[in-house]
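Enquirer: got a predicted structure here, sequence first:
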There are 4 protein chains.
Amino acid sequence: MPLKTPEEYVESLRALDLRAYIGGELVKSVVDSPMIAPHINTVAKTYELAHIPEHRDVMTAVSHLTGERIHRYTHMFQSADDLVKKIQMLRLLGQVTGTCFQRCVGLDALNATYAVTYEVDQANGTDYHERFKRYLLDVQSQDLMLAGAMTDPKGHRAKRPSEQEDPDAFVRVVERRPDGVVIRGAKLHNTGGINSHEVLVLPGTGLIPGEEDWAIACAVPADAPGVTFIFGRQSNDSRKLEGGCDIGNPRFGVVGGEAMVVFEDVFVPNERIFLNGETGHVGQLVNYFATWHRANYGGCKGGNADVLIGATAKMTKVLGTDKNAVVKDKLIEMIHMNETTYASAIGASAMGYPLPCGSYMVDAMMANTVKLNITRNVYQIGRLSHDLSGGFLATMPDQKALENPEIGHLVRKYHTANPEYDVDERIKLGRYIENMTSVTTLVEAMHGAGSPQAQRIVMLGQAQLDKKMAMADQVINGTDDVAGLPLPGRRRPADD
Amino acid sequence: MPLKTPEEYVESLRALDLRAYIGGELVKSVVDSPMIAPHINTVAKTYELAHIPEHRDVMTAVSHLTGERIHRYTHMFQSADDLVKKIQMLRLLGQVTGTCFQRCVGLDALNATYAVTYEVDQANGTDYHERFKRYLLDVQSQDLMLAGAMTDPKGHRAKRPSEQEDPDAFVRVVERRPDGVVIRGAKLHNTGGINSHEVLVLPGTGLIPGEEDWAIACAVPADAPGVTFIFGRQSNDSRKLEGGCDIGNPRFGVVGGEAMVVFEDVFVPNERIFLNGETGHVGQLVNYFATWHRANYGGCKGGNADVLIGATAKMTKVLGTDKNAVVKDKLIEMIHMNETTYASAIGASAMGYPLPCGSYMVDAMMANTVKLNITRNVYQIGRLSHDLSGGFLATMPDQKALENPEIGHLVRKYHTANPEYDVDERIKLGRYIENMTSVTTLVEAMHGAGSPQAQRIVMLGQAQLDKKMAMADQVINGTDDVAGLPLPGRRRPADD
Amino acid sequence: MPLKTPEEYVESLRALDLRAYIGGELVKSVVDSPMIAPHINTVAKTYELAHIPEHRDVMTAVSHLTGERIHRYTHMFQSADDLVKKIQMLRLLGQVTGTCFQRCVGLDALNATYAVTYEVDQANGTDYHERFKRYLLDVQSQDLMLAGAMTDPKGHRAKRPSEQEDPDAFVRVVERRPDGVVIRGAKLHNTGGINSHEVLVLPGTGLIPGEEDWAIACAVPADAPGVTFIFGRQSNDSRKLEGGCDIGNPRFGVVGGEAMVVFEDVFVPNERIFLNGETGHVGQLVNYFATWHRANYGGCKGGNADVLIGATAKMTKVLGTDKNAVVKDKLIEMIHMNETTYASAIGASAMGYPLPCGSYMVDAMMANTVKLNITRNVYQIGRLSHDLSGGFLATMPDQKALENPEIGHLVRKYHTANPEYDVDERIKLGRYIENMTSVTTLVEAMHGAGSPQAQRIVMLGQAQLDKKMAMADQVINGTDDVAGLPLPGRRRPADD
Amino acid sequence: MPLKTPEEYVESLRALDLRAYIGGELVKSVVDSPMIAPHINTVAKTYELAHIPEHRDVMTAVSHLTGERIHRYTHMFQSADDLVKKIQMLRLLGQVTGTCFQRCVGLDALNATYAVTYEVDQANGTDYHERFKRYLLDVQSQDLMLAGAMTDPKGHRAKRPSEQEDPDAFVRVVERRPDGVVIRGAKLHNTGGINSHEVLVLPGTGLIPGEEDWAIACAVPADAPGVTFIFGRQSNDSRKLEGGCDIGNPRFGVVGGEAMVVFEDVFVPNERIFLNGETGHVGQLVNYFATWHRANYGGCKGGNADVLIGATAKMTKVLGTDKNAVVKDKLIEMIHMNETTYASAIGASAMGYPLPCGSYMVDAMMANTVKLNITRNVYQIGRLSHDLSGGFLATMPDQKALENPEIGHLVRKYHTANPEYDVDERIKLGRYIENMTSVTTLVEAMHGAGSPQAQRIVMLGQAQLDKKMAMADQVINGTDDVAGLPLPGRRRPADD
């Protein structure tokens, strides 16, 4: 049966022989690292919910390759309804975990590769698509977790891949062999890679002729020789090592456990190569991925914000301010911003249309509005949460103070607000809010799936300003009116 | 064939014997009034486009009563797809007319009455629904234009209908007779009523027991005895009487030709009465109407903003600023705000679900976000249009100055910007922008389909804060984690 | 005595022989034109208040040339206190007239010319400054109203004056004679020119060598041969010709009666020429003017918004919503935005510093923030006013409907809200709000004293990013710490 | 000489016998705690700069009590210029430290006590003011650092002090003795207390008759028996214990080292009591303090934002995006928001007016706009900094990874952007930006000097809506116009 249980997922990670550095040190087992465990526990929920009958419809789908019921996270989008269900799945998972659950990059990268390999083959007579389908069958049948690896280090931002001082600033092929290629470079901000089975490496930017070496899409086992994960720091991450209520997210991560994944001359065999030098198709690959991915944020951040709004609403009860009309109005504003992006993501999905390969693509304009609004609304929602939660957020006592017999009672006494609620509850809510509005979380909302300017550029292209100018011309100067109506525009001197 | 042509629509208006005051004076024929002609010409487009094969799918539908193809503006929403197509129709019409095309209130009022009469009958054993279906057949077969009449004068805003000093502040039944009722009162901001065939009168607010006299829903011919339309003033309305380029909208109206419609003891026969004293169902009627109607703004204002954005983009070409990166960025911002509300309206529609009567209702939360965003975005879009169009908007020369042989050449000479464009074009664009960002237009966006606070109250109800608080509790305190993971939350003292 | 009475001001206008076109027609007397009378009445208030002892301190000043008490509107700023008092005067006049009172452009243009003539003379050994002082003495002793004329038509916005297809797109010297120069061109958006005594013509943009013909600053009597005023249209302007309550501003104008003033080969004698070909000083002249002028908006718009906020607050009483907490919160937001720009304008003035000529200049950065905030806040204040005032703003009945015996009683009956207030009051408030949030008013706030992008460019220059980067470097990497403190930064490996 | 050196300040702290808990553990010496050292180093700058001749004018003042030159942080505001200089001092210190320098609460608390003791004595014939002056002489002559302690725990927010279940939720007198009082309770968010000499305890909210026990103002040595400081957690605080570049602020704190200070039945002798039961004056005391303090934020946050803007501008150079027009536009927006609040703070100060005691108070309306804008602008500035700094902010590598010989070279290689800049610089900038936009920093901006709603309530009171309504009435209905002008309002039918 192609649906892993949470336990199977965790065990399958244990079976990997990953090279991973956390806190600058090589770890023996990421599964046993308290820094990574919350991220694994988050992903485990994606496996768990697929087994719950109530959620079967959104969490699973029927494979178009096999007809078997598979995890939606390995499914190719076969209809607008599939796209809508994806957004609903994301909101659900966001509500259940209150954070990033990491599998979306892999999903959208799979879909983008599926779509573009088809188009490359149509254009060039290659057979990448069949090759990719074989790979996909494996992914689906084993319910693998994939980390999409898109974002290159990029070096000097005003220069192209081929203009960089260090050509490795974008992942590239350093050797082409009969049986495969050798790649070098790194991918940044790699969500969930450290607890994935596979890394799907795709180019992160459009390429031009002459940049064939950077035009490489391929799948790499997470524990392939030459692959190294280097974990960055999240806000307040070391509190995880302390335990106690200071952690904020005792069970789940803060965002997606982003790591740098380095490829030190990694060999990729032919059957795992899905694009190799076709620069003319790279822009479309990036575009497909980004467009699907940008719509997602209306789902996952919607679910996360549900939890944040819930925590904030609870905090107003703890403080005793919940009856205040202006307090309610601020909660409404949080809700409004959150539902705006969710509604748009649903809209983008419902307007899905078929690509040449038969998969469905979301509406690009709508998907980009989702992400661009996220880069603002997540900050505003956080700001309002801070407003309603009080200065307490900045000066919360720590676990050790609570436990210290000399001062613990004072800390409790003076942090009791509405006496119906326990101080621990206030602190836990506060710490959760602290983490979910931290720099790590905010920046992920800002730059995940592309920086705001990337969305704006797409929008300008999608907007067809020429058509809008023609509309204005027709509205103002058109002549196809009902005859006989005394329209003021008709009575111009030139009309006499 | 149940699809009127534009000419038939205009002729059918001529056949009415309306009592209408425009500019404080009784008019013989609204069709021949240059103050009303642009509004009629706008509605005529709704009839015209239904005959164009390219638009047939969005402009028409198949009646669920007769199986005949009818105008979508008389159709009961039978599916989520119907709801989506409505939004698409609105955007199309907004693009074609660049203004309000007036038939939406009637459409949503028809649908709301259809749905609630069914529910009332189910609850009370009455037969309003069958009665309404007979009325609806007439509307569909004749392709009638209906004006929904919702907004009561409301008197003192802090008082209920039954508490008002003047009980007529909300339309009410003043006499109940065996063959019908006599109603008195007025409806404000009545969009399109003055060029409609019928007025569908619905209560404008929820009612409580004891307010049965205000619980009246009924259809009144626009020219029924006792019905008087009193037209208000729009921004710059009297320019229509001057002709020339100062008009701004030479062909179409500015918003929807809102009028006050007064009912001076108007008799309504039983077959036109669809609710009569059932106070307990009035809240639902208002709610159904408002929810459908709020989603619309993502469509119609989307189309209008397309034209406004087009006019603004053209203006930057006329000025020679179109290559500037910051200018482009402002156009993008206009596009972004516009597409956000459109996307949300599509989302609200795609999430449509069946009501007891079988019709489809939009998602309430999403529909309310649409309207609330409109109350902000329309202003911001207008502001950016002003920014890009220049101070010229405030000091444009008038038609008479252009025509005056003594100064006309000076006016032209000194208003020429990029010499590739004619001054007249600059002025026409400017006047259109002026009108479409005028107080009349902005206020319609603010208060149409309910004031922003009305949307916020619905949102708070829809948000289910209790569930969100439970989510927060589960995320923070849940215990259903994968066993064996070294989660930091596990290492609390209590766990030892 | 150098303080004119309002009546003397009006009479002095009558004595002029202006060539002015209003509504495209030559008017015999602007004073007797109902289109211009409200603007004149507004300026008359500036004269009136100077005679009221209570306002003497802000409305008048002591001439640094003569020691006589003069109108502050003809005074050179001699101290930071003078700058502060100017802002206070503007707020007062804004509160008294509820609109633009027109004399500020002239005042700031006088001051800019005073300052730059001094600097030109210092640099070049010319005697413009003495010449200008003689002119200024006349202005002060006669309490003249001056219209500063800055904004050129500008033609193609991406081209310099010398690159335009039509060289007259910027006012220029077409002939240099021993006794003076002949100028040609036009100035747009000329505030108050049509009811001024003098027009002070200054270049509107910085110039480069080779553009000497455009480097001309001079004073021209408003009725000099060859000068023509062509009045543009304001929102709802023709209602003034109707009389009645539809006017909105029955006594005062909407913004400043902006006109295009055309110079058809106007001769200017030497004694009225204050810059003539010195391109290198034009940038400073424009800069001085703009900087002073941008701070003003915190004063005048502050006063105007006081009236608008007052009208809106009154409207909530008329409606019966004034007790609502969220309504109050919106009024507070209006107040907050208004006071922000006022406070900044006071700050810019209090930080005034002496120029080489001895006059005081406001802080440039602060002055630019004022104006940039105005381009946003005026819109937001208007939006909130619309929110609180209701849909009524878009559909208000007209005066003729109120007076019509057949329907007047209905209009009154159904527009009565809180019965403690008369319908006429509601309408008057509504019409005032309509006008003061109209396109004319908003666009003036957007583009007066320069478009927002102009302010941003100045800010970037003022911000000294290099210094800020150095600050960041010092904060992060500085080494001048107190010895012995266990600073974490000290414990870097390199320190061992 | 009454100006301590930085070293003297540090030594004087060592001399104290504080009871302080950091990280839940009692520390022997706060001076030797790496958690506190950065905060001490920050304050040391306030002492250091007072000795630098260039800054003497803003950093010092002449005592009105002794005529001696003292630190401005112990000075009573004697003029509007003193108020302006305070803001300038704050901006300077903000630029030098890039964080909160802690002495402002004490300064404003001293001034508030000075002013209110005078007023109490005038009203009641008491001698608090002379007693306070004696205390002040000590403070000035020893250049003491004072921590103002205002914010009570407040318990249930909807209840008054006397209604709380735990009466200690607000600091109160539990025993009155001939020689003094005994106080109990706690103050939260106490800025700088842990490295201060004295704590000045003031009531945190207005009181009513019957709440005399809570009406206590007094000075307590930081190491008085019964006083305990309990330090809360800041964002990423434990990184300080690691050293290295992950710290973000290697030299200075993040915000002000806020602690909870607990008073466990602390005896205060009479000479240190400055208010004792006079409930009627408590509101004014709170108001004076808050008003002065709210203006400050335009200064200190202005300086901090200078550093943040500088760090962000530098980051764009490191990335190679600094030439992009939209990037520059975002930097301008950061500058604009920052300068708006600074300008307003200067305005509030320049409008300072004398209180009964002779000290100068800032303009209350303006001061409140400053703080309210801060609660928004600090978030927006942070958001734009994130936008320009890139996703890197969320995934930066840690010091240990950089130092690890196995991976350090990879981390460096793949984080090199513009090769002109070193990776370490990029990381240091990133970590500084991370800290200065963290929850601790943002929440301090939100809630310091009172939550936004507190500012709004003051504004509503200050706005005098009645006067504004009267202005509107006069503008619309006034009759004092110049006779003979054809004002449209004159030509109403009623006028005939």
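Expert: Received the coordinates, thanks. Numbers count the residues shown, from 1 in each chain, chains lettered A, B, ... in the order given.
Enquirer: CA atoms for contacts and neighbours, from now on please.
Expert: Will do.
Enquirer: what residues does the stretch 301-450 of chain A put near chain D?
Expert: Contact residues, the stretch 301-450 of chain A versus chain D (CA under 8 Å from any CA of the partner chain): A:319-321, A:379, A:383, A:386-387, A:390-404, A:410, A:414-419, A:434, A:437-441, A:443-444, A:446-448.
Enquirer: among these, the buried ones, what's the PyMOL command?
Expert: Restricted to buried positions by 16 or more other CA atoms under 10 Å in any protein chain shown, the PyMOL selection for these reads:
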select buried, chain A and resi 319+320+321+379+383+386+387+390+391+392+393+394+395+396+397+398+399+400+401+402+404+410+414+415+416+417+418+419+434+437+438+439+440+441+443+444+446+447+448
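Enquirer: would you mind naming what in the stretch 151-300 of chain A lies close to chain B?
Expert: The stretch 151-300 of chain A comes close to chain B at residues A:Lys240, A:Leu241, A:Glu242, A:Gly243, A:Gly244, A:Cys245, A:Ile247, A:Gly248, A:Asn249, A:Pro250, A:Arg251, A:Phe252, as judged by CA under 8 Å from any CA.
Enquirer: the fourth one and D:Leu26: what is the separation?
Expert: As defined by CA to CA, to the nearest Å, A:Gly243 lies at a distance of 20 Å from D:Leu26.
Enquirer: swap in the fifth one?
Expert: When distances are taken as CA to CA, A:Gly244 and D:Leu26 turn out to be 19 Å apart.
Enquirer: which of these two has more neighbours?
Expert: Ranked by neighbour count (other CA atoms under 10 Å in any protein chain shown), A:Gly244 and D:Leu26 place A:Gly244 first, with 22 against 19.
Enquirer: which element is A:Leu442 on?
Expert: Assigned by DSSP states H and E, A:Leu442 belongs to helix A:439-447.
Enquirer: of the residues of the stretch 151-300 of chain A next to chain B, which pair is most distant in space?
Expert: A:Glu242 and A:Phe252 (15.3 Å; CA to CA).
Enquirer: looking at these two, which one has more neighbours?
Expert: With neighbours defined as other CA under 10 Å, A:Glu242 and A:Phe252 compare such that A:Phe252 has more, 29 against 17.
Enquirer: I figured the more buried one was touching A:Thr99, is that so?
Expert: Yes - the pair A:Phe252 / A:Thr99 is scored as a contact, 7.0 Å apart, by CA atoms under 8 Å.
Enquirer: list the residues that contact both of these two?
Expert: A:Thr42 (CA atoms under 8 Å, 6 or more residues apart in numbering or on different chains).
Enquirer: would you map the strands across chain A?
Expert: Remark: strands assigned in chain A by DSSP state E are A:20-22, A:25-26, A:60-62, A:69-71, A:146-149, A:172-177, A:180-190, A:198-201, A:216-221, A:227-231, A:259-269, A:273-276, A:353-354, A:360-361.
Enquirer: what helices or strands is the third one leaning on?
Expert: Applying 3 or more CA pairs under 8 Å, 6 or more residues apart in numbering or on different chains; DSSP states H and E, we find strand A:60-62 packed against strand A:69-71.
Enquirer: gap between the strand it packs on and the chain center?
Expert: Computed by CA atoms, centre = their mean, to the nearest Å, the separation of strand A:69-71 from the middle of its chain amounts to 21 Å.
Enquirer: buried ones in it?
Expert: In strand A:69-71, counting by 16+ other CA under 10 Å, buried: A:Arg69, A:Ile70, A:His71.
Enquirer: before we move on, what about stretch A:445-463?
Expert: A:445-452, A:455-456, A:458-460, A:463.
Enquirer: for stretch A:465-476, same thing?
Expert: A:Leu465, A:Lys468, A:Met469, A:Ala470, A:Met471, A:Ala472, A:Asp473, A:Gln474, A:Val475, A:Ile476.
Enquirer: any idea of the mean pLDDT in it?
Expert: For stretch A:465-476, mean pLDDT rounds to 97.
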